[in-house]
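Asks: Quick one: sequence and predicted model below, then my questions.
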Amino acid sequence: MDHEAVTEEEDDALSAWAQTGDGDIEGTLRPRKLDEFIGQPRVREQLELVLESARRRGVPPDHVLFSGPPGLGKTSMAMIVAAELGAAIRITSGPALERAGDLAAMLSNLAPGDVLFIDEIHRIARPAEEMLYLAMEDFRVDVVVGKGPGATSIPLEIAPFTLVGATTRSGSLTGPLRDRFGFTGQMEFYTDTELDLVVRRAATILDIAIDREASAEVAGRSRGTPRIANRLLRRVRDYAEVRADGKVTVEIARAALAVYDVDELGLDRLDRAVLTALTKSFGGGPVGISTLAVAVGEEPTTVEEVCEPYLVRAGMLARTPRGRVATATAWEHLGLVPPADHPGRPDQGGPASFEQD
Ligand SMILES: Nc1ncnc2c1ncn2[C@@H]1O[C@H](COP(=O)(O)OP(=O)(O)OP(=O)(O)O)[C@@H](O)[C@H]1O
């Protein structure tokens, strides 16, 4: 292993990480405990208080919601909640709960203290959502037997449990559902320093020799997202193994990332397609998200949930009440000059003049 400036303390931490589990790669790379989780200091501190207090009182903690863009560690956090409580976790997702009966079956099979994790909870069907209200509040479900005027509803007690929900769109959650969560952890994009740690941790687990400059390069191009950091690391490893001696240096990392179309800011082909359509086809905007999605041949939700958060964060795209607008930084990044009257031009007020929605 080639960790040039790794301190002894870091080395200990890295080798402790190396001993975590096996299984599929994503699973292998998932942090298992709260203190193993890199980044998100605010969410970690808040969650620790929620869990510790529940542990001391000997009751299941309040229901927990994690929200934020994909790949920031919401599923990992859900698993950590269960691990920290020493509880079993049952996993499902909003789209899988199409019928209330599916949810009733899951809820009635829970043992006391279990954690039920519902990923993409904003996509849960209405009848299941209504069943969830009662389950979250009173640990009860009403099972409807029969049809038509003769139908009766039988109340069924369920074990006290903790619901952990994850969503990329907390805004689409209905008020009553949102209100039933006692704690919401808002996951933020990671800093480059945090991602550097994520990359080095994964390199240790996967036994990839990467030097410090190279891990920083991969981290800097990972769009603030650990899942992307781990993925880029694996692609860089492939390149190093096939085209070189297996060691990842910064030159190898740069060459590999060029092959995979990841630019210096971490923007991939889709991000650049969005910016190119926005600037070249729509004169910088404003343009609606659906039109933009059609122009790049993607689903509006993919553009909205996967590309947009990072482009907004990188200061390249602004959401205005009239649609999406490319900022001066976006034009510059593509090597283009914004038209004279475009609001993205700094002399026209620049990005700061945009009203965010
Ligand atoms: N803080 C972290 N430290 C190290 N690795 C992390 C961290 N957070 C996430 N990862 C890694 O990133 C990957 C994605 O994490 P996870 O599945 O928890 O994200 P998510 O927010 O649930 O994503 P999605 O909403 O797309 O399912 C996992 O392989 C995990 O190992």
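Replies: Great, that's in hand.
Asks: contacting residues for the closest residue to Thr168 other than its chain neighbours?
Replies: Closest residue in space to Thr168, ignoring its immediate chain neighbours: Glu305 at 4.8 Å, by Cβ to Cβ, 6 or more residues apart in numbering. To be clear about C-beta, it is placed using only N, CA and C from the backbone, and glycine gets the same treatment. Taking Cβ atoms under 8 Å, 6 or more residues apart in numbering, we find Glu305 in contact with 69-70, 168-169.
Asks: same for the ligand: which of the residues you listed are within range?
Replies: Among these, the residues within reach of the ligand (Cβ under 6 Å from any ligand atom) are 70, 168.
Asks: Name the residues that touch the helix or strand hosting Ile118?
Replies: Assigned by DSSP states H and E, Ile118 belongs to strand 115-119. For strand 115-119, the external contacting residues (Cβ under 8 Å, 6+ apart) are 74-75, 78-79, 81-82, 85, 87-94, 97, 106-107, 110, 124, 161-166.
Asks: Tell me the buried residues within the contacts of Glu305.
Replies: Buried by 16 or more other Cβ atoms under 10 Å: 69-70, 168, out of these.
Asks: Take the contacts of Glu305 and lay them out in TSV including distance to Ala151 and secondary structure.
Replies: Listed next are the contacts of Glu305 as TSV, based on distance: Cβ to Cβ, whole Å; DSSP: H, G, I helix; E, B strand; the rest coil:
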residue	distance to Ala151	secondary structure
Pro69	42	coil
Pro70	40	coil
Thr168	36	coil
Arg169	34	coil
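Asks: now the buried ones among the contacts of Glu305 as CSV including pLDDT?
Replies: Below are those laid out as CSV (pLDDT from 0 to 100):
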residue, pLDDT
Pro69, 90
Pro70, 91
Thr168, 92
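Asks: Nearest to the ligand, out of the residues you listed: which one, please.
Replies: Pro70 (3.3 Å; Cβ to the nearest ligand atom).
Asks: The closest one and Glu120: what is the separation?
Replies: Separation of Pro70 from Glu120 (Cβ to Cβ, to the nearest Å): 10 Å.
Asks: tell me, what's touching these two both at once?
Replies: What both Pro70 and Glu120 touch, as defined by Cβ under 8 Å, 6+ apart, is the set Thr168.
Asks: Please report phi then psi for Ala318.
Replies: Dihedral pair for Ala318: phi -120, psi 140, per degrees, to the nearest 10.
Asks: Surely it and Val325 touch.
Replies: Yes. Judged on Cβ atoms under 8 Å, Ala318 makes contact with Val325 at a distance of 4.8 Å.
Asks: of these two, who's got more company?
Replies: Ala318 (25 against 21; other Cβ atoms under 10 Å).
Asks: Could I get the contacting residues of Asp192?
Replies: Neighbours of Asp192 in contact, by Cβ under 8 Å, 6+ apart: 216, 219-220.
Asks: Got the domain ranges for this structure?
Replies: Here the chain is described, according to automatic domain parsing, as comprising the domains 2-186, 192-259, 269-353.
Asks: Now for the residue in the chain that the ligand sits nearest to: which residues touch it?
Replies: Nearest residue of the chain to the ligand (Cβ to the nearest ligand atom) works out as Gly73 at 2.8 Å. Counting by Cβ under 8 Å, 6+ apart, Gly73 touches 31, 37, 39-40, 187, 226.
Asks: if you set the cut-off to 7 Å instead, what comes out?
Replies: Residues in contact with Gly73, defined by Cβ atoms under 7 Å, 6 or more residues apart in numbering, are 37, 40, 187, 226.
Asks: Neighbour-wise, which one of the contacts of Asp192 leads?
Replies: Ala219 leads the contacts of Asp192 on contacts (other Cβ under 10 Å) with 26 neighbours.
Asks: Helix, strand or coil: sort out it for me.
Replies: Reducing the assignment at Ala219 to three states with DSSP: H, G, I helix; E, B strand; the rest coil gives helix.
Asks: Surely it touches Val199?
Replies: Yes. Using Cβ atoms under 7 Å, Ala219 is in contact with Val199, at 5.2 Å.
Asks: thinking again about what came up before, and the contacts of Gly73 as TSV, adding distance to the ligand, pLDDT and neighbour count?
Replies: Below are the contacts of Gly73 laid out as TSV (distance: Cβ to the nearest ligand atom, whole Å; pLDDT from 0 to 100; neighbours: other Cβ atoms under 10 Å):
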residue	distance to the ligand	pLDDT	neighbour count
Phe37	5	95	19
Gln40	6	96	23
Met187	7	96	20
Pro226	4	96	29
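Asks: Sort out for me which of those residues are in helices.
Replies: Pro226 (DSSP state H).
Asks: of the contacts of Gly73, closest to Gly284?
Replies: Among those, Met187 lies closest to Gly284 (Cβ to Cβ), at 30.5 Å.
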